[in-house]
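Colleague: Model the structure of this input:
(one chain, ligands or ions: 1)
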Amino acid sequence: MKHFITTQEWDKTELDAILDSATRLKADPIQHHLLKGKSIALLFFNPSLRTRTSFELGADQLGAHAVVLEPGKGAWGISFEDGAIMDGSEEEHVKEAAGVLSRYCDLIAIRAFPRFVNWAEDRQDTVIRQFARYSSVPVINMETITHPCQELAHILALKEHVGGDLVGKRYLLTWTWHPKPLNTAVANSAAMIATRFGMNVTLLCPNEQYHLDDRYLDAAKSNADETGGSFDITYDIEQAYDGAEIVYTKSWGALPYFGRWEDEAPMRQHLQHFIVDQPKMNRTDNAVFSHCLPVRRNVKVTDDVLDSPRCIALDEAENRLHVQKALMAHLLNASA
Ligand code: CP
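Modeller: Residues are numbered from 1 along each chain as shown. Got it, this is the predicted structure:
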């Protein structure tokens, strides 16, 4: 039994097969009752628009049933610690929650963001790893400290708009400003998947404090070595945008300040110039632009970039539906 927790744990051939299947499902969206009679539990510990909608509709289009649960809000709170003395607010343990849902459902999907207090703890990805440990059905990551479903949707959108196998494309992953310190998940994911597909990847961030966790930087370097692509980090905005063919942006909190964000705030307030705007895009090689969404307009990205024909963020969001259908079918050996 295989879980979908990070794309690094999957062979490239399998990822390619899911993307090919997603393309077929996209061309014929509601004719495939590949998962008739199956069911998926969608556990949201955090809010969502795209992920919830695309998984629910995707399951329905495949003939499956989706059950949405919000632990601690309409469903019992869950304890994840082994050997826990459960005298706090949680009413059940992941052993029972994963065990019971495995009896009812064929798949379990989890959204569990970091708690943003202690990165050493959050980087263990405890919620989804414990679900995977105690589940007897495949577990899907709907965003924890990585966002692998977004990776698949992103790559499919790039294949559609940039074309070809993406090898050698000049890919810019740029930090952008946001008033709050956000999750590194999408940036971790973008660094891994862009290098996995052989692109020449530049990570632009304000300074060393905004480097991603070494686990993901090392994965990106290792992927680049294997594919013949490259992975570099720069703090120079103009150099980073010059000649880029793909621009992807995300904001995230500086990891050295994790859990003491008030100390990051003075540094962050001077970084608003990282906003993605048209003058920066004009330095690129007519790059396509994307963002995972949700996006704060004129804070992270200007209106003219988001409203440009080179913005493919809505296509990427649409592709969440198609790639997740393909993924669910693949995990249950029912591929289109
Ligand atoms: N990109 C993404 O996962 O969107 P939601 O947070 O709305 O699900």
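Colleague: From here on, just use CA atoms for contacts and neighbour counts.
Modeller: Noted.
Colleague: Could you say which helix or strand holds residue 68?
Modeller: strand 65-69 (DSSP states H and E).
Colleague: Now do the helices in the stretch 201-336 of the chain.
Modeller: 214-227, 237-241, 265-268, 278-281, 303-306, 313-331 (DSSP state H, counting those that start in this stretch).
Colleague: Contacts for the strand holding residue 68, please.
Modeller: 37-44, 55-56, 59-60, 75 (Cα atoms under 8 Å, 6 or more residues apart in numbering).
Colleague: could you redo the last one with a cut-off of 7 Å?
Modeller: 38-44, 56, 59, 75 (Cα atoms under 7 Å, 6 or more residues apart in numbering).
Colleague: Generate a ChimeraX selection restricted to the buried entries among those residues.
Modeller: Buried residues within these, by 16 or more other Cα atoms under 10 Å, are selected in ChimeraX with:
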select :38,39,40,41,42,43,44,56,59
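Colleague: Parallel or antiparallel, list what pairs with the strand holding residue 68.
Modeller: Sheet pairing of strand 65-69 (DSSP bridges) gives strand 39-44 (parallel).
Colleague: any idea how far the strand it pairs with is from the chain center?
Modeller: 17 Å (Cα atoms, centre = their mean, to the nearest Å).
Colleague: same thing with stretch 131-145?
Modeller: 14 Å.
Colleague: is any part of that stretch close to the ligand?
Modeller: No: Stretch 131-145 lies apart from the ligand when judged by Cα under 6 Å from any ligand atom; the minimum separation is 6.9 Å.
Colleague: ok, back up a step: out of the contacts of strand 65-69, which is nearest to residue 25?
Modeller: residue 59 (12.5 Å; Cα to Cα).
Colleague: for the helices of the stretch 201-336 of the chain, which one ends up most surrounded?
Modeller: Ranked by mean neighbour count, these are led by helix 313-331 with a mean of 24 (mean count of other Cα atoms under 10 Å).
Colleague: Of all residues in the stretch 51-200 of the chain, which one is closest to the ligand?
Modeller: Among the residues of the stretch 51-200 of the chain, residue 51 lies nearest to the ligand; the distance is 3.6 Å by Cα to the nearest ligand atom.
Colleague: So that residue, which state does it fall into?
Modeller: Three-state call for residue 51 (DSSP: H, G, I helix; E, B strand; the rest coil): helix.
Colleague: Make residue 1 into 56 and carry on from there
Modeller: OK, 56 is where the count begins now, so the last one is residue 106.
Colleague: Can you get me a residue count around it?
Modeller: Residue neighbour count, defined by other Cα atoms under 10 Å, stands at 20 for residue 106.
Colleague: ditto for residue 246
Modeller: Neighbours of residue 246 (other Cα under 10 Å): 26.
Colleague: so it, which of the three states?
Modeller: Under three-state DSSP, residue 246 falls in the helix class.
Colleague: Next up, the contacts around the nearest residue to it once chain neighbours are set aside.
Modeller: Once flanking residues are discounted, residue 246 sits nearest to residue 275: 5.8 Å by Cα to Cα, 6 or more residues apart in numbering. Listed by Cα under 7 Å, 6+ apart, the contact set of residue 275 reads 246-247, 250, 286.
Colleague: and the contacts of strand 120-124 as a markdown table, adding pLDDT?
Modeller: Compiled in a markdown table, the contacts of strand 120-124 are given as follows (pLDDT from 0 to 100):
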| residue | pLDDT |
| --- | --- |
| 93 | 98 |
| 94 | 98 |
| 95 | 98 |
| 96 | 98 |
| 97 | 98 |
| 98 | 98 |
| 99 | 98 |
| 111 | 98 |
| 114 | 97 |
| 130 | 97 |
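Colleague: contacts with the ligand among the contacts of strand 120-124, please.
Modeller: Filtered for proximity to the ligand (Cα under 6 Å from any ligand atom), the contacts of strand 120-124 leave an empty set.
Colleague: Nearest to the ligand, out of the contacts of strand 120-124: which one, please.
Modeller: residue 99 (9.7 Å).
Colleague: these two touch, right, the closest one and residue 168?
Modeller: No: with contacts counted by Cα atoms under 7 Å, residue 99 stays clear of residue 168, the gap being 9.5 Å.
Colleague: Tell me which two of the contacts of residue 275 sit farthest apart.
Modeller: Spanning the widest gap among the contacts of residue 275 are 247 and 286, at 9.9 Å by Cα to Cα.
Colleague: So between those two, which is more surrounded?
Modeller: Set residue 247 next to residue 286 and count neighbours by other Cα under 10 Å: residue 247 wins out with 28 against 23.
Colleague: How about the contacts made by that one?
Modeller: Residue 247 neighbours (Cα under 7 Å, 6+ apart): 271, 274-275.
Colleague: Which residue comes closest to residue 87 once chain neighbours are left out?
Modeller: That would be residue 117: by Cα to Cα, 6+ apart, it lies 5.6 Å from residue 87.
Colleague: Please state the backbone phi and psi of the one you found?
Modeller: phi -90, psi 0 (degrees, to the nearest 10).
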